[in-house]
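**Student:** sequence-free structure coming up:
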């Protein structure tokens, strides 16, 4: 279970109080266990990237690697302060990072709006610094955008999905929408974890409110 050793912190810490950077990145093979693609750059020129935090990254990654048009996926840490953080670092609550999924996709086959639809529907974006029983800042809902087009689409989709949640009597979206900083890969055994362990832990649960089409932004 991803949150087994997590500190139950619900406040993102300040940069000056974060753990010190590690000198070297975590070593990973780069070979996607499920589809044999490379989840390390460089990626094909025709692809785009998106980074999503939906709680525990094991189940979130599986959602995306199944989608037609997604070229590859990898899990890691983003949105915090400690470079080359390890899993234990992130679970300490002392890095500020969220557990995230890097999604590399062919925009001619699947749109960013399609990815957003999966993002909103497949977890509960109203829970703040938690997702179900997984409690802590690393489990926060997040979209880290890589272009202004993605930024506008993310903001617009949040507004539209909030309207649907409100009608359904649900809470207020707490999703962090921020520029994509550096992405740090998680350890090898976390990559495609539910492909390697089909009966492994997945704590994702949506709100039951569908996210209607038409999320694209001109």
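**Tutor:** Now that the structure is in, tell me what you want to look at. The model shown is predicted, which means the values in this text are computed figures rather than measured ones.
**Student:** alpha carbons only for contacts and neighbour counts from here, please
**Tutor:** OK.
**Student:** which regions of the chain lie under the pLDDT threshold?
**Tutor:** Along the chain, segments meeting pLDDT under 70 span 1-9, 12, 212-218.
**Student:** recalculate using a threshold of 50.
**Tutor:** For the chain, residues meeting the criterion pLDDT under 50 lie at 1-7, 214, 217-218.
**Student:** so where do the strands sit in it?
**Tutor:** 47-54, 70-78, 98-106, 130-131, 134-135, 141-145, 176-179, 184-185 (DSSP state E).
**Student:** what is the orientation angle of the third one with strand 47-54?
**Tutor:** Okay, so that is strand 98-106. 150 degrees (axes from the mean of the first three to the mean of the last three Cα atoms, to 10 degrees).
**Student:** which elements pack onto strand 98-106?
**Tutor:** Counting contacts by 3 or more Cα pairs under 8 Å, 6 or more residues apart in numbering; DSSP states H and E, strand 98-106 packs against strand 47-54, helix 57-65, strand 70-78.
**Student:** now for the nearest residue to residue 171 once chain neighbours are set aside, how many residues are close by?
**Tutor:** Among residues not flanking residue 171 along the chain, residue 126 sits closest, at 5.8 Å (Cα to Cα, 6 or more residues apart in numbering). The tally of other residues near residue 126 (other Cα atoms under 10 Å) stands at 19.
**Student:** re earlier: turn the strands of the chain into a markdown table, including mean neighbour count and distance to residue 34.
**Tutor:** As requested, those are exported to a markdown table (neighbours: other Cα atoms under 10 Å; distance: least, Cα to Cα, whole Å):
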| stretch | mean neighbour count | distance to residue 34 |
| --- | --- | --- |
| strand 47-54 | 23 | 19 |
| strand 70-78 | 27 | 9 |
| strand 98-106 | 27 | 14 |
| strand 130-131 | 24 | 25 |
| strand 134-135 | 22 | 26 |
| strand 141-145 | 24 | 24 |
| strand 176-179 | 16 | 29 |
| strand 184-185 | 26 | 17 |
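**Student:** distance check, the nearest residue to residue 207 once chain neighbours are set aside against residue 146.
**Tutor:** Ranked by Cα to Cα, 6+ apart and with sequence neighbours excluded, the top spatial neighbour of residue 207 is residue 124, at 5.4 Å. Distance, residue 124 to residue 146, using Cα to Cα, to the nearest Å: 23 Å.
**Student:** for the residue nearest to residue 171, give me its contacts.
**Tutor:** Shown in contact with residue 126 (Cα atoms under 8 Å, 6 or more residues apart in numbering): 171-175.
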